[in-house]
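Visitor: using only what follows, build the 3D model:
(one chain, ligands or ions: 1)
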Amino acid sequence: MAERRVIPLARPEPRGAEPGVSVRGLHVARGGRALLRGIDLTLGGSGITALLGPNGAGKSLLLRAIAGIIAPDDGEITLAPRLARPALVFQKPVLLRRTARANLAHALKLAGQPRAARAARIADLLEQCDLTQIATSPARRLSGGEQQRLALARALAADPALLLLDEPTASLDPKATAAIEAITLRAAGRGVKVVLVTHDRAQAERLAGDVVFLHDGRAVEHAPAPRFFSNPASPEAQAYLEGRLIL
Ligand SMILES: Nc1ncnc2c1ncn2[C@@H]1O[C@H](COP(=O)(O)OP(=O)(O)OP(=O)(O)O)[C@@H](O)[C@H]1O
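Guide: As a prediction, this is how the structure comes out:
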């Protein structure tokens, strides 16, 4: 009989041994400028990894490359088969100009979910993301936080094993941020691998099991979060964590 898993609310620890995302010699250039410059990384198949670093470091580009929506100029990215269909959530939610429920119905249809199963799944997603009360509201009338919860619900519709979040709370207030963080932690608790781009060091401390610090197109450091925050190894990360500009 299948074992039922209890969903922990605490920060999930990375299971380091299980490979998830492998990035080898990744280079991305645009307009003759090298933007990602030889990134080598191995991320575990579960837990939350934060991509942290100053503006322009290359965090979003790396996330998009992992998502497969930008092509490397050199190098390769390999996803474990289980993670092969990632879902991506942007800072500014991209939603259909229809109700919250219709947005989820559309996502489920795209995910190939049989029509008969959709209603129950929509109810589940609305519940998970605290959207049940506003299911019939037009998405464009929702607050920023509600729209982002809907974007997350839509991303979760296809039951992805890899969730890629690009600054999902950057324009949200603390309460809305807390709601997004809770959904993220619950997803990770169910075994979804999360890669989170954030500017917010405190958010990385709250959520992440491991941190990749990027600077100037390079992954300068990759460490377990407690070690990264208490004892960063690279001068760049030390400067960043002390609030100094890295020139
Ligand atoms: N399509 C593009 N063409 C030219 N330059 C680009 C393109 N996309 C990104 N860049 C540049 O690549 C660098 C890295 O961008 P990226 O968005 O990945 O940074 P980031 O670390 O996510 O920064 P931020 O936190 O400000 O979003 C920046 O200097 C950016 O201006």
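Visitor: can you report how many residues lie near Ala157?
Guide: By the criterion of other CB atoms under 10 Å, Ala157 has 24 neighbours. (C-beta placed from N, C-alpha, C; glycine too.)
Visitor: quick one, what contacts the residue nearest to it when sequence neighbours are not counted?
Guide: Of all residues not flanking Ala157 in the chain, Ala107 sits nearest, at 3.9 Å (CB to CB, 6 or more residues apart in numbering). Listed by CB atoms under 8 Å, 6 or more residues apart in numbering, the contact partners of Ala107 are 154-155, 157-158.
Visitor: again, 10 Å this time
Guide: Contacts were defined as CB atoms under 10 Å, 6 or more residues apart in numbering; by that measure Ala107 touches 87, 96, 113, 118, 121-122, 125, 150-151, 153-158.
Visitor: next one: Ala155
Guide: If a contact means CB under 10 Å, 6+ apart, then Ala155 has 86-90, 93, 107, 125, 129, 163-165, 168, 183, 187 as its contacts.
Visitor: next one: Asp124
Guide: By CB under 10 Å, 6+ apart, Asp124 lies in contact with 104, 153, 156-157.
Visitor: residue numbers of this protein in contact with the ligand?
Guide: Within the chain, the residues that sit near the ligand (CB under 6 Å from any ligand atom) are 30-31, 35, 53, 55-61, 199.
Visitor: now with 5 Å, please.
Guide: Residues of the chain that fall close to the ligand, judged by CB under 5 Å from any ligand atom: 30, 35, 55-61.
Visitor: run through the protein and note the low-pLDDT ranges.
Guide: 1-17 (pLDDT under 70).
Visitor: max-length helix in it?
Guide: Identified as the longest helix of the chain according to DSSP state H is helix 174-189.
Visitor: give the buried residues for that one.
Guide: By 16 or more other CB atoms under 10 Å, the buried positions in helix 174-189 come out as 176-177, 179-181, 183-189.
Visitor: ok, now stretch 52-64?
Guide: Neighbour-count burial for stretch 52-64, counted by 16+ other CB under 10 Å, picks out 52-54, 57-64.
Visitor: can you redo the residues of the chain next to the ligand as CSV with secondary structure?
Guide: Output for the residues of the chain next to the ligand, formatted as CSV (DSSP: H, G, I helix; E, B strand; the rest coil):
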residue, secondary structure
Arg30, strand
Leu35, strand
Asn55, coil
Gly56, coil
Ala57, coil
Gly58, coil
Lys59, helix
Ser60, helix
Leu61, helix
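Visitor: the residues you listed: which two are farthest apart?
Guide: Spanning the widest gap among those are Arg30 and Asn55, at 16.4 Å by CB to CB.
Visitor: can you pick the most crowded of the contacts of Asp124?
Guide: Highest neighbour count within the contacts of Asp124, by other CB under 10 Å: Leu104, with 26 neighbours.
Visitor: just to revisit the earlier point, tell me how far the residue nearest to Ala157 lies from the ligand.
Guide: Counting by CB to the nearest ligand atom, to the nearest Å, the gap from Ala107 to the ligand is 25 Å.
Visitor: what's the answer for Gln128, then?
Guide: Distance from Gln128 to the ligand, counting by CB to the nearest ligand atom: 28 Å.
Visitor: repeat that for Val194.
Guide: Taking CB to the nearest ligand atom, one finds Val194 at 17 Å from the ligand.
Visitor: go on, Arg118?
Guide: According to CB to the nearest ligand atom, Arg118 stands 35 Å off from the ligand.
Visitor: quick one: contacts for that residue?
Guide: Arg118 sits next to 104-105, 107-109, 111, 157 when contact means CB under 10 Å, 6+ apart.
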